[in-house]
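Undergrad: Below are the sequence and a predicted model for it; my questions follow.
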Amino acid sequence: MASVLEVPCAATIGFDEAQAIVRTNSAPLGVEQVALHKAGRRILAREVAARIDSPRRDCAAMDGYAVRTQDLVRETNRLSLQGESHAGDTTPAPLYPGTAIRISTGAPMPQGADRVVVRELAHVEGDEVIVPRAQRSSHVRPRASDFACGAPLLQPGTPIDARAMVILGAADVDTVPVWRRPRVHVLTNGDELAAPGSAAQDSHTIPDSLSEALSLMARQWGAKPMGTWQSPDRADYLRAVTRQVLADADLIVVAGGASHGPRDLVREAMAPLGLELAFAGIAIKPGKPLWYGTIGKTHVLGLPGNPTAALTTARLFLAPLVCQLAGAGFNHALRWHPRRLIEPVGPVGDRDEFLCASTEDAQTGSPTGVRVLARQEASAQMMLAHADLLVERRAGSPATGEGTMVRCLRF
Ligand SMILES: Nc1nc2c(c(=O)[nH]1)N[C@H]1C(S)=C(S)[C@@H](COP(=O)(O)OP(=O)(O)OC[C@H]3O[C@@H](n4cnc5c(N)ncnc54)[C@H](O)[C@@H]3O)O[C@H]1N2
Ligand code: MOO
C-alpha cells in the first residue's frame, strides 16, 4: 500500500476496485478451539468429523413391536410377546421366530428382528400380539444411516447456526475449531457530537447516531465490539485514541472527518502512527469520501459522517470486511439478488448509486418487488425506518421504468 502522504485525498476509484482492494488486503485472523455451548454464530475454521455413528445401533423408527418379516406372511399373524426394548436400554434379548418384542422409538432392535409393526396396526390379546401382513416400510433406522463415525459433518466456513448445532451435538462434538472474531473499535469524531440523551440540553450539539449503530452492525456480521470512542475535531486527540485502541483492534471503524473540510483530520492524525492508505475517495453515491487503509495489522475503514451515507457504506464495506476477517468470506455479506422495480427510477450520474429501498409485494402478491424511496439524502436518518434493501444502479444507467429488474442487497 502507498503511504498516506503519497495518495492525494481526491483520488477516486470505482466501487468494484475498492471492494477488491479491501477483500484482497484482508484474511481470516486465526483459529481457536471453542466449547460447543459458546460456538453459536461463530464460523467453522476446519472440517469437523463425527465422533460416533448415528444412529449408534439399528433402532426402531416408531413405537410398536419388533418382529421378523418371515412371521408376517399371512393376512393376520399371531405372535407371542416376549419383553420390551426402550431407548437407552442395553442390547435387548434376541427375537425368536414366532415372537414379538414391544419397542419404543429410538430403542435398539433385538437381534433377529428386521422390522417394526406400528402400535396402531397391532392389538394385544393376553400375552400375544396380532399384527397384519408386512407393510412397505420396515420402520427400522439402520446403524450409521444418518452419518458414520469419522464422516465429515460441516465444511470450513459454515456459520454455526441452530441447524449446525444439531449436527455437531448429534456427532458428540464438544469443542469446535472456529475463526477468531475480529475485535472492532468504533471511533466517531466531531465537535458537535454528544451521546444520545445528552444533546437536548445543549443546542450546539447533535446526537452521535452512529457509534452504537456501527458497533451493532459489526457485531451482527461476526465481530467482537470492543468499544465506541468519541473525539472532538482535534488531531492530537484522534491520534491518542487511535494509539490506545490499536493495542487490541483488528479493525477500527471511523465515522466522520472523511472528506476535505478544515476539520476533517482523521487521516492526518493517524499518519504518524503508520497509516498506510489504500484508497481515499470512491466513485459511489452516497459515500464518496470513503477511505481504507491499515496501521500495522489493524484495518482502518473510514466512513463518511452523514449518517445514511455511513450506514450504506458500512453495509457495503464494513459487513464484508468483518465477514472476511471472521472467516465467513467477503461475499457472505454481499448476497445480491434481483427484484422487480414497482416504480420508475431516474438516470444515474457518473457515480454508482446505492439507493435506500423497501421490499414491496409485486401486484402478483409475490414478495419480489422493490420500491426505491423517494428522497435519497445522505444526511437523512428517518428514511432508514423504511429501507430494508439497497438497490444498486451503475453509473451512466438511463432512467428505467416499472418492472425493470435491479440488483438488491438486504440492508
Ligand atoms: N468540499 C467538499 N465537501 C464535502 C464533500 C466533498 O467531497 N467536498 N463530501 C460531502 C459528502 S459526500 C459527505 S458524506 C460529507 C461527509 O464528510 P465527513 O466524513 O468529513 O463528515 P463530517 O464532516 O464529519 O460530518 C458530515 C455530517 O455528518 C454529521 N455526523 C458526523 N458524524 C456523525 C455521527 N457520529 N452521528 C451523527 N451525525 C454525524 C456531521 O454533524 C455533519 O453534519 O461531507 C460532504 N462535504
Ligand atoms: O456521498 Mo456523501 O456520502 O453524499 O453523503
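TA: Thanks, I have it. Numbering: from 1, shown residues only. Ligands and ions are numbered 1, 2, ... in the order given.
Undergrad: and the residue of the stretch 51-200 of the chain found nearest ligand 1, how far is that from Ala164?
TA: The minimum distance from the stretch 51-200 of the chain to ligand 1, using C-beta to the nearest ligand atom, falls at Thr188 (3.8 Å). Any C-beta I mention is one placed from the backbone N, CA and C, and that applies to glycine too. When C-beta to C-beta, to the nearest Å is the yardstick, Thr188 and Ala164 sit 35 Å from each other.
Undergrad: Please identify which of those two sits among more neighbours.
TA: Between Thr188 and Ala164, counted using other C-beta atoms under 10 Å, the more crowded position is Thr188 (22 against 19).
Undergrad: coming back round to it: please state the offset of the helix or strand in which the residue of the stretch 51-200 of the chain closest to ligand 1 is found from the chain centre?
TA: When secondary structure is defined by DSSP states H and E, Thr188 falls within strand 183-189. Between the mean C-alpha point of strand 183-189 and the mean C-alpha point of its chain there is a distance of 21 Å (C-alpha atoms, centre = their mean, to the nearest Å).
Undergrad: Doesn't Glu276 lie inside a helix?
TA: No - if the criterion is DSSP: H, G, I helix; E, B strand; the rest coil, then Glu276 is strand and not within a helix.
Undergrad: burial of it, as a residue count?
TA: Taking other C-beta under 10 Å as the neighbour definition, Glu276 ends up with a count of 18.
Undergrad: right, and it touches Thr294 too?
TA: Yes - proximity of Glu276 to Thr294 meets the contact threshold set by C-beta atoms under 8 Å, at 5.2 Å.
Undergrad: tell me the SS of the nearest residue to Pro232 once chain neighbours are set aside?
TA: Computed as C-beta to C-beta, 6 or more residues apart in numbering, the closest residue to Pro232 that is not its neighbour in sequence is Asp191, at 4.9 Å. The local conformation at Asp191, judged by three-state DSSP, is coil.
Undergrad: didn't Asp191 look like it was pressed against Gln230?
TA: No - the pair Asp191 and Gln230 fails to qualify as a contact (C-beta under 8 Å) at a distance of 10.5 Å.
Undergrad: which of the two has more neighbours?
TA: Neighbour totals were compared for Asp191 and Gln230, and Gln230 leads with 16 against 11 (other C-beta under 10 Å).
Undergrad: any idea which element the more buried one lies in?
TA: Going by DSSP H and E, Gln230 is in strand 224-231.
Undergrad: Give me the residues contacting the very next helix or strand once past that strand.
TA: The first helix or strand that comes after strand 224-231 along the chain, using DSSP H and E, is helix 235-245. Counting by C-beta atoms under 8 Å, 6 or more residues apart in numbering, the neighbours of helix 235-245 from elsewhere in the structure are 185, 187, 189, 226-227, 229, 231, 252, 257, 265-266, 268-270, 272-273, 295.
Undergrad: can you tell me the average pLDDT over helix 235-245?
TA: Model confidence over helix 235-245 averages 97 on the pLDDT scale.
Undergrad: Check stretch 75-84 too.
TA: For stretch 75-84, the per-residue pLDDT values average out at 95.
Undergrad: Would you list the phi and psi of the closest residue to ligand 1 within the stretch 301-411 of the chain?
TA: Nearest residue of the stretch 301-411 of the chain to ligand 1 (C-beta to the nearest ligand atom) works out as Gly305 at 2.5 Å. Gly305 has phi and psi values of phi -80, psi -30 when expressed as degrees, to the nearest 10.
Undergrad: Got the confidence number for the closest residue to it other than its chain neighbours?
TA: Closest residue in space to Gly305, ignoring its immediate chain neighbours: Gly256 at 3.2 Å, by C-beta to C-beta, 6+ apart. We note a pLDDT of 94 for Gly256 in this prediction.
Undergrad: mind listing what the nearest residue to Arg234 once chain neighbours are set aside touches?
TA: Counting by C-beta to C-beta, 6+ apart, the nearest residue to Arg234 once its immediate chain neighbours are dropped is Leu265, at 7.2 Å. With contacts defined as C-beta under 8 Å, 6+ apart, the neighbours of Leu265 are 189, 233-235, 238, 257.
Undergrad: Buried members of these into ChimeraX, please.
TA: Burial among the contacts of Leu265 is assessed by 16 or more other C-beta atoms under 10 Å; the matching ChimeraX selection reads:
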select :189,233,235,238,257
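Undergrad: Let me know the closest of the contacts of Leu265 to Gly30.
TA: Nearest to Gly30, judged by C-beta to C-beta, of the contacts of Leu265 is Leu238 at 28.8 Å.
Undergrad: In contact with the residue nearest to Ala319 when sequence neighbours are not counted, which residues?
TA: What sits nearest to Ala319 in space, not counting adjacent residues and going by C-beta to C-beta, 6+ apart, is Ala333, at 3.8 Å. Ala333 makes contact with 221, 315, 319-320, 322-323, according to C-beta under 8 Å, 6+ apart.
Undergrad: Could you export these to JSON lines, including columns for distance to ligand 1?
TA: Below are those laid out as JSON lines (distance: C-beta to the nearest ligand atom, whole Å):
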{"residue": "Trp221", "distance to ligand 1": "20"}
{"residue": "Arg315", "distance to ligand 1": "15"}
{"residue": "Ala319", "distance to ligand 1": "18"}
{"residue": "Pro320", "distance to ligand 1": "20"}
{"residue": "Val322", "distance to ligand 1": "19"}
{"residue": "Cys323", "distance to ligand 1": "23"}
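Undergrad: Most neighbours among these, which one is it?
TA: Counting by other C-beta under 10 Å, Val322 has the largest number of neighbours within the contacts of Ala333, with 31 neighbours.
Undergrad: wouldn't it be in contact with Lys224 here?
TA: No - contact status for Val322 versus Lys224: not in contact, 9.9 Å apart, counting by C-beta under 8 Å.
Undergrad: got any residues that touch both of these two?
TA: Taking C-beta under 8 Å, 6+ apart as the criterion, Val322 and Lys224 both touch 182, 184.
Undergrad: List the neighbouring strands of the strand holding Gln230 plus their orientation.
TA: Here strand 224-231 is paired, per DSSP bridges, with strand 183-189 (parallel).
Undergrad: the inter-axis angle of the strand it pairs with versus helix 235-245?
TA: Angular relation of strand 183-189 and helix 235-245 on a 0 to 180 degree scale: 170 degrees, by axes from the mean of the first three to the mean of the last three C-alpha atoms, to 10 degrees.
Undergrad: Thank you kindly, that will do.
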